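Asks: Curious how this folds, go ahead:
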Amino acid sequence: MSEKQTKTVKDDFKKARKKHKVRRTVTSLLLAFALLYLPVVLIASGGAGARISLITTGTISDSIKAEGLLIKEEKLIFLPFDGTYTKTAEEGERIPAGSTIATVVEDAYASKLKELESLSNEILMRKKEGSLSSGIFTRDLRQIENEISQTVGEIASVASQGRIGDLAYLEEELNRLESARNEIVSGSMTTDQYTEELERQYAILKESLAGKVTEIKAAEPGYLSYEPDGYEDFLSESDIGGFTAIETQTAIRQFGKENPSQTGSKPFAKLVTGNSYTLVTVLDESVADRIRNVQAVEIIIEDLSLSFSADEFRFGAEDGKKTVVYIEINKKLGELVSQRHIDFEIQINKHSGFMVPIRSLLNYEAYPIRKVELAKVTDNWIEFIEVEVIAVDKTHALIKPVEGTLNLYDYYAVNPKRVEEGQVVR
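Replies: As a prediction, this is how the structure comes out:
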């Protein structure tokens, strides 16, 4: 290759290297621009993916989970003799003194009442199948036959309950219905044999029940329960009041979960007297201190769907870091009459206010060392404002602004770590 050609090749190579160097410099500048300036542009235009939501209101409760025993003034009720009893009041009903709790009849007479009811239903069914199907009875007569059937059933039921005083009225009603039926039939049927048989057995039953049915009455007013649990005789406030905190906690965990073994005759019901129950529980000392100066708390029993206020607290034995707490309950007594061991919540405070997810608060993980901020959206611009945290639960927080205003249905950024002050969002 000649010297001239060699020089030409060298010049072309220098030019190519210079172009490559320029191209590389331009590429680097473009890359730096993309890395440094495009994010700013994207953020300013809302392109960083900011998600916004509305400020809403909510409620967060400051509550304590606990378990306890209900202590009551209880009077056991026994049957006067072996027999079958019929309830005349409802479970949990508050009854006055002297009212009938139940009626008791000897087992032999109870079985006779069931036989009579079965016989009456059978005779009535045979009569209706034989005569109604033949077309003799009119629509009015069918209605009367239905009423007679109901009356017969009431007679058997009243007799089984021992309500002798109501039998005269039912007998008179049965006679009236029979007369109306006979007028409709107008002699087209023979003597009503099944009614005669019913009346005959009814008369025998009325006579035989004399002195065999006993009414059990309440000696004093109170709440009635047909579910005694066996703890009534030895679980009183005076008994448990002398327990230490550890002994009380042991009693709470053992009592009321299984009925104790009993010997001798067992009560069929109990009457809870007085106008209040005592709920005894054991709390950590720090937790007990939180309710010492509270005027009233809300007791929540989720299993029973009950919620009510409790006004009076007494603090008993302290043992190490545990404190016995006695809570007086004067509401929902009927619903709690058969309860002994309960799991419940003590709701100390109930806060309401502006609610947001905890994750939407900037610096919350460092609170209270660092101020907490909310990325409020004002006229489509991000504005970080300082807020005070009133209460929190597992996922949300109640807040209020430290300065400035915060209104219901204002917008805020749910992801504050991905936005900047002054960013435009839509």
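Asks: pull the helix or strand with minimum mean pLDDT from this protein.
Replies: The weakest-scoring helix or strand in the chain, judged by mean pLDDT, DSSP states H and E, is helix 38-44 (a mean of 47).
Asks: Just after it, pick out the following helix or strand.
Replies: Note on helix 38-44: by DSSP states H and E, the next helix or strand toward the C-terminus is strand 52-54.
Asks: Tell me the strands beside that next one, with direction?
Replies: strand 411-413 (antiparallel) (DSSP bridges).
Asks: now what about the strand it pairs with, what contacts it?
Replies: Outside strand 411-413, the residues that touch it by C-beta atoms under 8 Å, 6 or more residues apart in numbering are 50-55, 356, 360, 374-377, 382, 419, 425. Every C-beta, even on glycine, is put in place using the N, C-alpha and C of the backbone.
Asks: Are any of these buried, and if so which?
Replies: Neighbour counting with 16 or more other C-beta atoms under 10 Å marks 50, 52, 55, 356, 360, 374-377, 382, 419, 425 as buried within these.
Asks: between those residues, which is nearest residue 77?
Replies: When those are compared for distance to residue 77 (C-beta to C-beta), residue 356 wins out at 56.8 Å.
Asks: Torsion angles phi and psi at that closest one?
Replies: Backbone torsions of residue 356, given as degrees, to the nearest 10, read phi -140, psi 160.
Asks: That one is in contact with residue 399, isn't it?
Replies: Yes: assessed by C-beta atoms under 8 Å, residue 356 is found in contact with residue 399 at 6.2 Å.
Asks: Need the residues touching each of the two.
Replies: With contacts defined as C-beta under 8 Å, 6+ apart, the residues adjacent to both residue 356 and residue 399 are residue 374.
Asks: number of nearby residues for the closest residue to residue 273 other than its chain neighbours?
Replies: When the adjacent residues along the chain are set aside, residue 273 lies closest to residue 222, with 4.1 Å between them (C-beta to C-beta, 6 or more residues apart in numbering). By other C-beta atoms under 10 Å, the residues close to residue 222 number 24.
Asks: same check, this time on residue 346
Replies: 25.
Asks: Please apply the same query to the one 5 residues further on.
Replies: Residues contacting residue 351 under the criterion other C-beta under 10 Å number 14.
Asks: so where does it fall, helix or strand?
Replies: Residue 351 is located in strand 341-357, with elements delineated by DSSP H and E.
Asks: Okay, buried residues for that strand please.
Replies: Of the residues in strand 341-357, those buried by neighbour count under the rule 16+ other C-beta under 10 Å are 341-342, 344-348, 354-356.
Asks: what mean pLDDT does it have?
Replies: When pLDDT is averaged along strand 341-357, the result is 91.
Asks: Doesn't residue 279 lie inside a strand?
Replies: Yes: with the criterion set as DSSP: H, G, I helix; E, B strand; the rest coil, the secondary structure at residue 279 is a strand.
Asks: which SS class is the residue nearest to it when sequence neighbours are not counted?
Replies: Once its chain neighbours are removed from consideration, residue 279 has its nearest residue in residue 327; the separation is 4.3 Å (C-beta to C-beta, 6+ apart). Three-state assignment for residue 327 (three-state DSSP): strand.
Asks: distance of residue 327 from residue 400?
Replies: As defined by C-beta to C-beta, to the nearest Å, residue 327 lies at a distance of 32 Å from residue 400.
Asks: Which one of these two is surrounded by more residues?
Replies: Comparing residue 327 with residue 400 by neighbour count (other C-beta under 10 Å), the higher total belongs to residue 327, at 22 against 11.
Asks: got the contact list for the more buried one?
Replies: Residues near residue 327 by C-beta under 8 Å, 6+ apart: 68, 278-281, 299, 310, 312-313, 346.
Asks: now do residue 243
Replies: 251, 317, 324.
Asks: Surely it is in a strand?
Replies: No: the assignment for residue 243 (three-state DSSP) gives coil, which keeps it out of a strand.
Asks: Just the pLDDT for it.
Replies: Looking at residue 243, its pLDDT reads 88.
Asks: go on, residue 49?
Replies: 58.
Asks: before we move on, back to that, pick the one among the contacts of strand 411-413 closest to residue 81.
Replies: Distance ranking of the contacts of strand 411-413 against residue 81, using C-beta to C-beta, places residue 356 first at 68.9 Å.
Asks: For the most centrally placed residue in the chain, give its distance to residue 363.
Replies: Centroid-nearest residue in the chain: residue 305, 1.9 Å away (criterion: C-alpha atoms, centre = their mean). Counting by C-beta to C-beta, the separation of residue 305 from residue 363 is 40 Å.
Asks: repeat for residue 72
Replies: If you go by C-beta to C-beta, the gap between residue 72 and residue 363 works out to 52 Å.
Asks: and the lengthiest strand in the chain with strand 341-357, angle?
Replies: The strand that spans the most residues within the chain, counting by DSSP state E, is strand 56-77. With axes from the mean of the first three to the mean of the last three C-alpha atoms, to 10 degrees defining the directions, strand 56-77 sits at 170 degrees from strand 341-357.
Asks: For strand 56-77, which strands pair with it and how are they oriented?
Replies: Under the criterion DSSP bridges, strand 56-77 sits next to strand 269-284 (antiparallel), strand 341-357 (antiparallel) in its sheet.
Asks: wouldn't residue 354 be in contact with residue 399 here?
Replies: Yes: taking contacts as C-beta under 8 Å, residue 354 lies within contact range of residue 399: 5.4 Å.
Asks: Overlap in contacts, the two.
Replies: Overlap of the contact sets of residue 354 and residue 399 (by C-beta under 8 Å, 6+ apart) consists of residue 406.
Asks: roughly how far out does stretch 350-368 sit from the chain middle?
Replies: For stretch 350-368, the distance between its averaged C-alpha position and the chain's averaged C-alpha position is 29 Å (C-alpha atoms, centre = their mean, to the nearest Å).
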